[in-house]
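Asker: Got a predicted structure here, sequence first:
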Amino acid sequence: MIKHGACSLLMVFLLLALTASYGTSQETSKFLIDQETSVQIHHEVDSLYLVGDYSRAIEQTLILLAYYKNRDDLRGQIVCNNYLGDFLRASGSHTGSLDYLVNALTLNTQLDDSLLRAQTYNYLAASYFELDYPKYLDSAQLYASISIDIANYFQNEKLVYSNLNILGKVEEGSGNFDRALTYMNRALEIVRRASPVDEPLVLCNIAGAYFLKGEIDRSRELALKAYDKAKQDNINTYLRLTTALLERISLHEGNYREAHYYLSELTQYTRNFLDEKTEERVRAMQEQIQQAAEEAEIQQELFRRKILTISLLVLIGLAILFIIVFARQKFRLRKTNRELHARNDDLHRQQEETRNLTLELQTSNATLKNFISIIAHDLKNPFNTIIGFSDLLHTEYGTLTPEERKLAIENTHKSALSAYSLLEQLLSWARLQTGAFQLELTTIDLLELINEVMTHIQTAALLKKQTLSKQIPSGLFIQADKNMMLAVFRNLLSNAIKFTPDGGSINVSAVDAAGTVKILVRDSGVGIPQYGLDKLFSIDEPFKTSGTSGEKGTGIGLLLCKEYLEKNHGTIAVESTEGQGTTFTVAIPRATT
């Protein structure tokens, strides 16, 4: 229940029409506004947003954007891109929202305004929260956490309360209702003095959290307060949120007369945004409410089971891996010994098999030794860091400055992420070794695949002011397992960003070569020495080095890429010159159409 509105095809068509006519000579006159008019439009946009007239708000913001572009005003352009990103999110168009917000971050690389960047991160957190909920809760939490740190530094209370509100919704989406309420109540304290007009939003979110927690009476009490405040201020957007929640509470209590009353209220406040099939839309809304309640219960149960499963796997996964590998080798050796005793007439052949099996066992033991060495070194280090800094915070918290505490917390967080990343890669490698995976070959649009990967790593490249580009022909399809291919190209592009200095470039291109598609990932990074090239795809002695900003690696990522590609009947090769960059070439079968 972050600020949001109904999405309609009409609104999307309006945005497309306005964008298409943006630079035409016939519409030029409507964008010729002066500074005084621009200030008036800003106030109008804020009012339109509160009443939920997103179509008109978007139209006015596009006029402002044209005005700022004409004046080469970067700050104004960033603000307008932020507005458009948030309006599209509120209308349900999350892909368009992300496009404008990423554009705002790109423009800000020239202006370098931390507070504007924090506002963009805030809108990104809201978009990721609502995008394919709850798939991107981690992304929403990350952006909100970064934004609130900057907002606290600049003492921007409006931005602080908004991020607290989002973090509360993220915790609610993860089933942590008490933590959600802690964030939301902190937001309520701030919003009452910083932005009283938004108080119904926070009250409604708190009421929603109590509803999911099962405290229905408390939920109703707060929802009614939010409703009364929204009605007092005549804020259409918040009236729609509160009446929707009150209808849901009434249905839960079996009070159908009251539920019908609030549904009528909701219909009245949303009348301007429904088409001529109003009754059908209202009935569909009721069905969606019921379905959402059932799906929420299912998702909570699945979440609890997932947490239990992950906990068990973390505790026993490595032990099971070692047992399986050694038991497998021991079984094969015993089988060979039985065959030696049973076939005296073929003693020479049996002796040869024994020698081969012994060599294979020695190789396997050597691999396991290196595997254990990686765990002992790379997994031990981040845990030592986590233990060290957490012990420091535990024993010396009162004597540390706020900056020292923040540094300790940041180092603990980074080490935890590093340990998790390594454990995830080790488990992936283990599943490949034991055959515990299912290969699902499908026809994949290569351009869509690369676009999806670039969307996830775009922010990392922007932080290092790097240029990402691609030359992928449309209509080029490959035959492979999509999840494995996503992992391969995420790893290759992440490595390119890691080992390319600030301001460098990364390019992805593809060619169709007689039944095989070749994809090239080039960077202008530091390159790889010859001795490192020989170790890139080896578990025996993985090649590890730090990125240009000190980023750490495990050396296992490229090994996983190679094994994933081999499972998909593909190959990977590398060419590199120190100081001049690196090119990885992936070859994968082309899909037959």
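Answerer: Sure thing, it's come through.

Asker: Against which helices or strands is the helix or strand in which Asp391 is found packed?
Answerer: Using DSSP states H and E, Asp391 maps to helix 380-396. Identification of packing neighbours for helix 380-396 by 3 or more CB pairs under 8 Å, 6 or more residues apart in numbering; DSSP states H and E yields helix 402-434. Using the backbone N, CA and C atoms, a C-beta is placed for each residue, glycine as well.

Asker: quick one on the thing from earlier: and the helix holding Asp391, how far out from the chain's middle?
Answerer: 28 Å (CA atoms, centre = their mean, to the nearest Å).

Asker: what do you get for stretch 167-175?
Answerer: With CA atoms, centre = their mean, you get 15 Å for stretch 167-175.

Asker: average pLDDT for it?
Answerer: What stretch 167-175 shows for mean pLDDT is 93.

Asker: okay, that stretch in PDB with CA atoms only?
Answerer: Extracted in PDB, the C-alpha atoms of stretch 167-175 (Å, rounded to 0.1, in the frame of the first residue of the first chain):
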ATOM      1  CA  LEU A 167      11.200  -0.600   4.500                       C
ATOM      2  CA  GLY A 168       8.100  -1.300   6.700                       C
ATOM      3  CA  LYS A 169       6.200  -2.600   3.600                       C
ATOM      4  CA  VAL A 170       9.300  -4.800   2.700                       C
ATOM      5  CA  GLU A 171       9.400  -6.300   6.200                       C
ATOM      6  CA  GLU A 172       5.600  -6.800   6.000                       C
ATOM      7  CA  GLY A 173       6.000  -8.600   2.600                       C
ATOM      8  CA  SER A 174       8.600 -10.800   4.200                       C
ATOM      9  CA  GLY A 175       6.200 -11.700   7.100                       C
END
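
Asker: quick one: contacts of that stretch?
Answerer: 1-2, 129, 133-134, 137, 140-141, 144-145, 148, 177, 179-184, 187, 205, 208-209, 212, 300, 303-304 (CB atoms under 8 Å, 6 or more residues apart in numbering).

Asker: and if you look at stretch 489-497?
Answerer: Contacts for stretch 489-497 (CB under 8 Å, 6+ apart): 449-450, 453-454, 456-457, 460-461, 464, 466, 468, 506, 508, 519, 521, 523, 525, 553, 557-558, 560-561, 582, 584, 586.

Asker: Burial check on Trp578, number of neighbours?
Answerer: Slight slip there: residue 578 is Glu, not Trp. Neighbourhood size, Glu578 [other CB atoms under 10 Å]: 12.

Asker: mind checking the end-to-end distance for stretch 567-582?
Answerer: 24 Å (CA to CA, to the nearest Å).

Asker: Return the distance of that stretch from the chain's centre.
Answerer: Taking mean C-alpha positions (CA atoms, centre = their mean), stretch 567-582 and its chain are 27 Å apart.

Asker: and it, which residues are buried?
Answerer: Residues of stretch 567-582 classed as buried: Asn568, Gly570, Ile572, Val574, Ser576, Gly581, Thr582 (neighbour count, 16 or more other CB atoms under 10 Å).

Asker: re the thing from before, make a ChimeraX selection of the buried ones in the contacts of stretch 167-175.
Answerer: For the buried members of the contacts of stretch 167-175, the matching ChimeraX selection, counting by 16+ other CB under 10 Å, is:
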select :1,2,129,134,137,140,141,144,145,148,177,179,180,181,183,184,187,205,208,209,212
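
Asker: Distance-wise, check the most centrally placed residue in the chain relative to Arg192.
Answerer: The centroid of the chain falls nearest to Ser139 when counting by CA atoms, centre = their mean (3.8 Å). Applying CB to CB, to the nearest Å, the value for Ser139 to Arg192 is 29 Å.

Asker: And for Arg186?
Answerer: For Arg186, the distance to Arg192 - CB to CB - is 11 Å.
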